[in-house]
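Participant: Sequence and predicted structure, then a few things I'm wondering about:
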Amino acid sequence: MRTTETTQRVGHGGGVSTPARGFTMIELMITIAIAGIMLALAMPDFREFSVRNQVTQSTNELIVDLNLARAEAVKRGVRTRLEQVGSWTSGWKVTADTGNDGTFATTLKEHTAMPVGYGVKGTAAASPIEFGPSGTIANVGGVVPAAPTAVEFLVCRPDKNLVKARRITASLAGVVTSYRNNSTSALVCT
């Protein structure tokens, strides 16, 4: 018959000590290596997610400001404008002609420049876009538009990929829509 002997270690204080717990150096190195490989595989997807998120955010900001200009024209009963500051990529602002004198001196909202690498392109005469008191587009770039003209914007990515860019269209009725760029219009990301 076999007997099992148990050995106990005696610690410095005279008490019984328990076996050491923890990870070996090899286990830690393997875990760090696996985490590094997983991170390297996920990085391109995260980068694409980040770019798409920024394009969507910029698109939404421009849509909000187009809708703000339209809503304020109706609410105030005066003309309002969405106009670029230098270029659309440099920023834009919403102004109102509260004095009905054509000065558009009341600034309602300003948008700062796009992040580096991103851009916004507008149709040739897209600044300023003026909404009348009825909420329709009354003037585009100093010209009264003729139907079926619409104002278009293209929100561009740093890689200038036209297929993944976002297109915004504002109809003469003032209705704003957004979709992934699948058009063959003259707007391009440069």
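Facilitator: Received the coordinates, thanks.
Participant: which residues are contacting the biggest strand by length in the chain?
Facilitator: If you go by DSSP state E, the chain has its longest strand at strand 87-96. Here strand 87-96 makes contact (C-beta atoms under 8 Å, 6 or more residues apart in numbering) with 62, 65, 68-69, 72-73, 76, 78-85, 104-114, 118-122, 126-127, 153. In this view, the C-beta of every residue, glycine as well, is placed from N, C-alpha and C.
Participant: And the one residue sitting closest to the centre of the chain, what's its pLDDT?
Facilitator: Nearest residue to the geometric centre of the chain (C-alpha atoms, centre = their mean): Q57, 2.3 Å. The model reports Q57 with a pLDDT of 95.
Participant: for the longest strand of the chain, what is the average pLDDT?
Facilitator: The pLDDT scores in strand 87-96 average 92.
Participant: how distant is it from the center of its chain?
Facilitator: Relative to the chain's own centre, strand 87-96 is displaced by 16 Å; criterion: C-alpha atoms, centre = their mean, to the nearest Å.
Participant: Go ahead and produce PDB holding the CA coordinates of it.
Facilitator: Taking Å, rounded to 0.1, in the frame of the first residue of the first chain, the C-alpha atoms of strand 87-96 are listed here in PDB:
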ATOM      1  CA  SER A  87     -13.800  77.900 -49.100                       C
ATOM      2  CA  TRP A  88     -16.300  75.300 -47.800                       C
ATOM      3  CA  THR A  89     -13.300  73.400 -46.300                       C
ATOM      4  CA  SER A  90     -12.300  76.500 -44.400                       C
ATOM      5  CA  GLY A  91     -15.700  76.700 -42.800                       C
ATOM      6  CA  TRP A  92     -19.100  78.300 -43.200                       C
ATOM      7  CA  LYS A  93     -21.600  80.500 -41.400                       C
ATOM      8  CA  VAL A  94     -25.400  81.000 -41.200                       C
ATOM      9  CA  THR A  95     -26.400  84.700 -41.400                       C
ATOM     10  CA  ALA A  96     -29.700  86.500 -41.400                       C
END
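Participant: so what strands line up beside that strand?
Facilitator: For strand 87-96, the paired strands and their directions (DSSP bridges) are strand 80-85 (antiparallel), strand 106-111 (antiparallel).
Participant: so can I have TSV of those strands showing mean neighbour count?
Facilitator: TSV is the format used below for these (neighbours: other C-beta atoms under 10 Å):
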stretch	mean neighbour count
strand 80-85	22
strand 106-111	15
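Participant: Of those, give the one that comes closest to G22.
Facilitator: strand 106-111 (54.4 Å; C-beta to C-beta).
Participant: Now do that closest one: distance to the chain's middle.
Facilitator: 20 Å.
Participant: Which pLDDT value goes with R2?
Facilitator: 52.
Participant: Dump the strands paired with strand 87-96 to a markdown table, plus distance to T24.
Facilitator: Below are these laid out as a markdown table (distance: least, C-beta to C-beta, whole Å):
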| stretch | distance to T24 |
| --- | --- |
| strand 80-85 | 61 |
| strand 106-111 | 56 |
